[in-house]
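A.B. asks: test case, fold it:
(2 chains)
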There are 2 protein chains.
Amino acid sequence: MTDESIKKAEHTVSAFGEDLQKLTDMIVRMGGLAEAQLASALQALARRDSELAGRVITSDQRIDEMEQEVHAFVVRLIALRQPVADDLRNCVSALKIAADIERIGDYAANVAKRAMVLNQLAPVRHIAAMPSMGRIVQELINDILDSYVERDVRKAIDVWQRDEEVDELHTSLFRELVTYMMEDPRNITAATHLMFIAKNIERIGDHATNVAETIHFLVQGTPLRGRRPKGNDQDYSLTTRQPAGEGTE
Amino acid sequence: MTDESIKKAEHTVSAFGEDLQKLTDMIVRMGGLAEAQLASALQALARRDSELAGRVITSDQRIDEMEQEVHAFVVRLIALRQPVADDLRNCVSALKIAADIERIGDYAANVAKRAMVLNQLAPVRHIAAMPSMGRIVQELINDILDSYVERDVRKAIDVWQRDEEVDELHTSLFRELVTYMMEDPRNITAATHLMFIAKNIERIGDHATNVAETIHFLVQGTPLRGRRPKGNDQDYSLTTRQPAGEGTE
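C.D. replies: Purely as a prediction, here's the structure:
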């Protein structure tokens, strides 16, 4: 290589490094907004605050736009710089992570929509597992974004494993809600919405584990698999509870 | 251009055309499997066939693998051919569509899992909207795959619009199930699973509309938006029904 071509190559590398940094920033900003959306949706639910819920629903559009921006940026980046190997993997991973964050935003907006409906119904009793579940999922989002910025695989694996707590809380919440419905049919409508809210929060946890898998693949080049079963299958088997006196459990 | 370089360029173009054809084939095969999985899951539900449900759950892994294959193929393709413009858009669209099909497969497996649980409970009465909803969603998947192969935007828009029927059926199904629960608390567990099954099918319809949007963008270069509200918000407002005699409706 001539001095000139080395200089040019270095320039390209450094420019690409800047592009990647910008891409990471876009993802993290998007993730931060999704995290805030979830926090607001949970607050709207807990405080019966329809105005806040309404703001969450409106703001979801911004996350959708940010995904489009990431998408456009990555396509331009690939076309312009024609990256290979690690650089290309960084580009494609960003697309995947942006898609997961967009879904997290959708689920937060769904929580807000159902919170609004609940506010039109009589207040329900405190559902013990809901705030804990919400808090853990918020932590998972926060930690997975840190892990992405730092390219920290250990932190990603940690998030992936901690999602199991969410699945367990979801199962216990589901059982609590079925019992609540059985006690009094007037609870059914509200409890149904709470079930879907719980499912939305549980799915947000799954998307955090998806991001963990993407980070693992990005940094290590190998898939993160087989350490624990993916997704929550427990609620498929533990909800066959019958009313007291008629139960099979 | 010299004759030699023209010949070389033509060769590259044609090789890329073959690659794109292969990519389309991979997507369509993957989509066909997802379609078959949904059909089997619905059959397992209708006939209380746990063995068939079990096969659907096992086969979902194959769809996940196919998504990985599409992913690896696209990354190799971008690295090797360094496509720009339309060719690059084809590559990125394939990634998006594969992700949607993978989700459709997940939802079909979830239907099968819940069908298995239902088979352990007493049979429920016929839920009128369920088979119609399942049938329409199967047609949407079939048509959106045709639309992709043919790059037929009109067909994609048609799928996008027909998803509204699915949303309407989902809403009526949801109301039917709430009523069913209120009639007798012993129905609650089964009805809860049927609600999540219905939601899974409705979500499959949403993913078919996602693919429609990707095809529109791929062919026209512009987003497909604003013709009808996305997703099913109706079930957020129409489920506030109370038992007869206490109702607000």
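
A.B. asks: is chain B within reach of the longest helix along chain A?
C.D. replies: For chain A, the longest helix by residue count, based on DSSP state H, is helix A:3-47. No - residues of helix A:3-47 are not located near chain B by CB under 8 Å from any CB of the partner chain, the shortest gap being 13.3 Å. From N, CA and C alone the C-beta is placed, and that goes for glycine too.

A.B. asks: mean confidence for that helix?
C.D. replies: Helix A:3-47 shows a mean pLDDT of 87.

A.B. asks: gap between it and the chain center?
C.D. replies: A distance of 17 Å separates the centroid of the chain from that of helix A:3-47, by CA atoms, centre = their mean, to the nearest Å.

A.B. asks: give the buried residues for the helix or strand that that helix is followed by.
C.D. replies: Sequence-wise, the next helix or strand beyond helix A:3-47 is helix A:50-81, with elements assigned using DSSP states H and E. Residues of helix A:50-81 classed as buried by neighbour count (16 or more other CB atoms under 10 Å in any protein chain shown): A:50, A:52-53, A:56-57, A:59-60, A:63, A:66-67, A:70-71, A:73-75, A:77-79, A:81.

A.B. asks: tell me what angle helix A:50-81 forms with helix A:3-47.
C.D. replies: 170 degrees (axes from the mean of the first three to the mean of the last three CA atoms, to 10 degrees).

A.B. asks: does helix A:50-81 come close to chain B?
C.D. replies: Yes - judged by CB under 8 Å from any CB, helix A:50-81 comes into contact with chain B through A:68, A:71, A:74-75, A:78-79.

A.B. asks: so which of the residues you listed is the closest to chain B?
C.D. replies: Nearest to chain B among those, counting by CB to the nearest CB, is A:A79 at 4.5 Å.

A.B. asks: tell me, what's the model's pLDDT at the closest one?
C.D. replies: Per the predicted model, pLDDT is 89 at A:A79.

A.B. asks: run through the neighbouring helices and strands of the longest helix of chain A.
C.D. replies: helix A:50-81, helix A:85-118, helix A:129-150, helix A:188-220 (3 or more CB pairs under 8 Å, 6 or more residues apart in numbering or on different chains; DSSP states H and E).

A.B. asks: low-confidence regions, chain A specifically.
C.D. replies: For chain A, applying pLDDT under 70 flags the ranges A:1-13, A:226-249.

A.B. asks: chain neighbours aside, what residue packs nearest to A:R48?
C.D. replies: Spatial nearest neighbour of A:R48, excluding adjacent residues (CB to CB, 6 or more residues apart in numbering or on different chains): A:N119 at 4.9 Å.

A.B. asks: oh, that last question was meant for A:A15, not what I typed.
C.D. replies: A:R81 (7.7 Å).

A.B. asks: do I have it right that that neighbour meets A:E18?
C.D. replies: No - contact status for A:R81 versus A:E18: not in contact, 10.9 Å apart, counting by CB atoms under 8 Å.

A.B. asks: mutual contacts of those two, please.
C.D. replies: Taking CB atoms under 8 Å, 6 or more residues apart in numbering or on different chains as the contact rule, A:R81 and A:E18 touch no residue in common.

A.B. asks: could you dump stretch A:166-185 to PDB, C-alpha only?
C.D. replies: Extracted C-alpha coordinates of stretch A:166-185, given in PDB (Å, rounded to 0.1, in the frame of the first residue of the first chain):
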ATOM      1  CA  VAL A 166     -40.600 -12.300  34.800                       C
ATOM      2  CA  ASP A 167     -42.100 -15.600  33.400                       C
ATOM      3  CA  GLU A 168     -42.600 -16.900  37.000                       C
ATOM      4  CA  LEU A 169     -44.300 -13.700  38.100                       C
ATOM      5  CA  HIS A 170     -46.500 -13.800  35.000                       C
ATOM      6  CA  THR A 171     -47.700 -17.300  35.900                       C
ATOM      7  CA  SER A 172     -48.500 -16.400  39.400                       C
ATOM      8  CA  LEU A 173     -50.300 -13.200  38.200                       C
ATOM      9  CA  PHE A 174     -52.300 -15.200  35.800                       C
ATOM     10  CA  ARG A 175     -53.500 -17.600  38.500                       C
ATOM     11  CA  GLU A 176     -54.400 -14.700  40.700                       C
ATOM     12  CA  LEU A 177     -56.500 -13.200  38.000                       C
ATOM     13  CA  VAL A 178     -58.300 -16.400  37.200                       C
ATOM     14  CA  THR A 179     -59.200 -16.800  40.800                       C
ATOM     15  CA  TYR A 180     -60.400 -13.200  40.900                       C
ATOM     16  CA  MET A 181     -62.700 -13.800  38.000                       C
ATOM     17  CA  MET A 182     -64.100 -16.900  39.500                       C
ATOM     18  CA  GLU A 183     -64.900 -15.100  42.800                       C
ATOM     19  CA  ASP A 184     -67.200 -12.600  41.100                       C
ATOM     20  CA  PRO A 185     -68.200 -12.500  37.400                       C
END
